[in-house]
Every structure is written in structure tokens, then in C-alpha cells.
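Visitor: Here is the input, now give the coordinates:
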Amino acid sequence: QVHVVESGGGLVQAGGSLRLSCAASGRSFTGYDMGWFRQAPGKEREFVAVIRWTGGITYYADSVKGRFTISRDAAKNTVYLQMNSLKPEDTAVYYCAVKLYSGIYYSAGEYGYWGQGTQVTVSS
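Guide: This next block holds a predicted model:
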């Protein structure tokens, strides 16, 4: 059975940093792209970042570009999201997921094996 577990969320002041981790177990995800999404109260889930298996190519939402960095440790089946210069508008539950289909990388419908999420709260 596959488990995807996010961790590392918390409360931080604006301008601070957090590092989220996403550990997958139950099978190998060699060859799969991995992504981070977030969902704020009353809003739809939105794309944050993705890391491609091939070449480690990364893509980011414009709102986080230059502040967030996605990386992965394939041997540990783990993906990270380093978040710097955090803003109150980054407050959300952050989810990681495996990209299972071949569609556009920023569409949540292309992903599966979602974790339970980790809360990030940025105070002003």
C-alpha cells in the first residue's frame, strides 16, 4: 500500500523559511515526476512546483518563483520544498503528490497518491 506523508509545516513570521518534506513508501516512484500543491481556506487547490524525473527539471508557479525550491532524493523516495521569504499569502495546507498521467504539470487532476497535507501559516 502506498503512503505519501508530508511534514515540516508550522507557524512562521513573514520573511521566514520552512522546509517541507514528502516521503513516499510502499513502492518506488522511479521515473515519476513529483509535485507540490497548496490549498488555502475557501480556495481551490493550486499548483506550487514540480520536479521532473528526467533531468531534475523544475517548474514553479509565478507566485513562488525565486522564493521556493523543489528538490528530490530518489534513493529515499523523498521530495523537499524549501520555502524562503515567506508571505502571509503563502498560508495554506501544502500537499505533495505523484504525477501519474501525461497531461499538463500544473493540473491537480494529473496527480495521484496525495498525502494528508501539512499546514503552513505565515503571520504578518
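Visitor: got a list of contacts for stretch 56-68?
Guide: 46-52, 69-72, 81-86, 89-90, 105-106 (Cβ atoms under 8 Å, 6 or more residues apart in numbering). Every residue, glycine included, has its C-beta placed from N, CA and C.
Visitor: Show me which positions of that stretch end up buried.
Guide: Neighbour counts over stretch 56-68 (16 or more other Cβ atoms under 10 Å) mark 59-61, 64, 68 as buried.
Visitor: What is the nearest of those residues to Lys99?
Guide: Tyr59 (11.1 Å; Cβ to Cβ).
Visitor: Describe which strands whichever strand or helix holds the closest one pairs with in its sheet and in which direction.
Guide: Tyr59 is located in strand 58-60, with elements delineated by DSSP states H and E. Paired neighbours of strand 58-60 in the sheet (DSSP bridges): strand 46-51 (antiparallel).
Visitor: Can you select the buried ones from the contacts of stretch 56-68 in PyMOL?
Guide: Isolation of the buried members of the contacts of stretch 56-68 (16+ other Cβ under 10 Å) is achieved in PyMOL through the command below:
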select buried, resi 47+48+49+50+51+52+69+70+72+81+83+86+90+105+106
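Visitor: which ones are touching the residue nearest the centre of the chain?
Guide: Geometric centre of the chain, nearest residue: Trp36, 2.1 Å, by Cα atoms, centre = their mean. By Cβ under 8 Å, 6+ apart, the residues touching Trp36 are 20, 22, 48-50, 70, 79, 81, 94-96.
Visitor: go with 6 Å
Guide: 48-49, 81, 96 (Cβ atoms under 6 Å, 6 or more residues apart in numbering).
Visitor: Next one, pLDDT for it please.
Guide: Listed pLDDT for Trp36 reads 98.
Visitor: From Pro41, how far off is the residue nearest to it when sequence neighbours are not counted?
Guide: The spatially closest residue to Trp36, leaving aside those adjacent along the chain, is Val48, at 4.3 Å (Cβ to Cβ, 6 or more residues apart in numbering). Distance from Val48 to Pro41, counting by Cβ to Cβ, to the nearest Å: 16 Å.
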